[in-house]
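**Student:** What follows is a predicted structure for the sequence shown.
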Amino acid sequence: MGFAIFLWSSSMGANSNEGVTGPNRLRNNPAVTIYKANDKNVLEYAEGKLFAPVAQGSEESASIRFFEENKGAFRMTDPASELRLKRTQSDDLGMKHLRFEQYYNGLRVIGGELVTHFTEDGILKTVNGNFEPEINIGTSPSIQDQEAIQAAQRDLESIFGKGNPGQAELVVFPWEGNYFLA
C-alpha cells in the first residue's frame, strides 16, 4: 500500500507546473509588490524590485537571466531559446523597455510576448505580457510556402480585396487551449 502511494504522489509531482520548469520563486517573494497570473497559472504581471541593479547596456542579458531564474513563474523550459528580443525603447523618464517575442522550435508564437521594464538606475521594476506554456506540436508544415500564400490570397480576397501577402511565415497559433501551425 505504501509503495502505491509513493508512485502515485511521484506521478502527481511530475505533472505539476514545477516538474520541468522549476519552482515559482516570484509568487511569494517579498520584493514583489504585485503578482498576477492568468488562468494557466502563468505570470502576466509582476512589479517590485525584481532583479539586482544592472549596468546600462546589459538589460537584455539581465532580462534573460531573470527569466532563467524565474522560469517556473512563466512555465518556461529554456528562456534563452524561447525568447528573442524584438526591440528596446527608452522613455522620457529614463526607463528602458525590452520587448521579447516567444519562439517554439524556431517558430514565432503569435501573442507570445513579454516586456521587461528597467528604471533609470538599472532596476528591473516590472515584467508583463503573455507566455504560452507547454507547446508540444510538430513544426513541419503540410503545405509549401507558395501554396500557403495562394490559399491566403483566396481566403482574404473576398474580405479585403486583392493584395500582395509577400513572404509566408510559419508560426505557432494558440487557439482555444490548443496550438496550431499557421
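**Tutor:** Good, I have the coordinates. From a predicted model like this one, the values you see are computed outputs, not experimental measurements.
**Student:** Who are the contact partners of the residue lying closest to L114 once chain neighbours are set aside?
**Tutor:** With Cβ to Cβ, 6 or more residues apart in numbering as the criterion, L114 has its nearest non-adjacent residue at 3.8 Å, and that residue is G129. The way it works is simple: take the backbone N, C-alpha and C, and place the C-beta from them, glycine included. For G129, the contact set (Cβ atoms under 8 Å, 6 or more residues apart in numbering) comprises E44, F100, E113, L114, V115.
**Student:** pLDDT weak spots in the chain?
**Tutor:** Across the chain, the ranges flagged by pLDDT under 70 are 1-20, 163-165.
**Student:** okay, now the domains of it?
**Tutor:** Domain ranges of the chain: 20-130, 145-181, per automatic domain parsing.
**Student:** Give me the distance between the two termini of the last one.
**Tutor:** To tie it back to what came earlier, the one meant is domain 145-181. This stretch, domain 145-181, spans 13 Å end to end (Cα to Cα, to the nearest Å).
**Student:** Show me what counts as buried in that domain.
**Tutor:** Residues of domain 145-181 classed as buried under the neighbour-count rule (16 or more other Cβ atoms under 10 Å) are A148, I149, A168, V171, V172, P174, Y179.
**Student:** Need phi/psi at the residue nearest to L114.
**Tutor:** Backbone dihedrals for G129, given as degrees, to the nearest 10, come out at phi 140, psi -160.
**Student:** Tell me if F67 really is in a helix.
**Tutor:** Yes. F67: assigned to a helix according to DSSP: H, G, I helix; E, B strand; the rest coil.
**Student:** Use 31 as the first number for this chain going forward.
**Tutor:** Let's use 31 as the start, then, which means that last one is F97.
**Student:** looking at it, it is touching R114, isn't it?
**Tutor:** No. Counting by Cβ atoms under 8 Å, F97 stays clear of R114, with 11.9 Å between them.
**Student:** quick revisit: which ones among the contacts of G159 map onto helices?
**Tutor:** The helices, defined by DSSP state H, take in nothing from the contacts of G159.
**Student:** and of those, the nearest to D122?
**Tutor:** When the contacts of G159 are compared for distance to D122 (Cβ to Cβ), V145 wins out at 17.4 Å.
**Student:** who's that closest one bridged to?
**Tutor:** Assessed by DSSP bridges, V145 has beta-bridge partners R129, N158.
**Student:** Confirm for me that it is in contact with E131.
**Tutor:** No. Counting by Cβ under 8 Å, E131 is not a contact partner of V145; they are 10.5 Å apart.
**Student:** ok so, going back, to N166, which of the domains of the chain lies closest?
**Tutor:** Closest to N166 of those is domain 175-211 (Cβ to Cβ; 7.7 Å).
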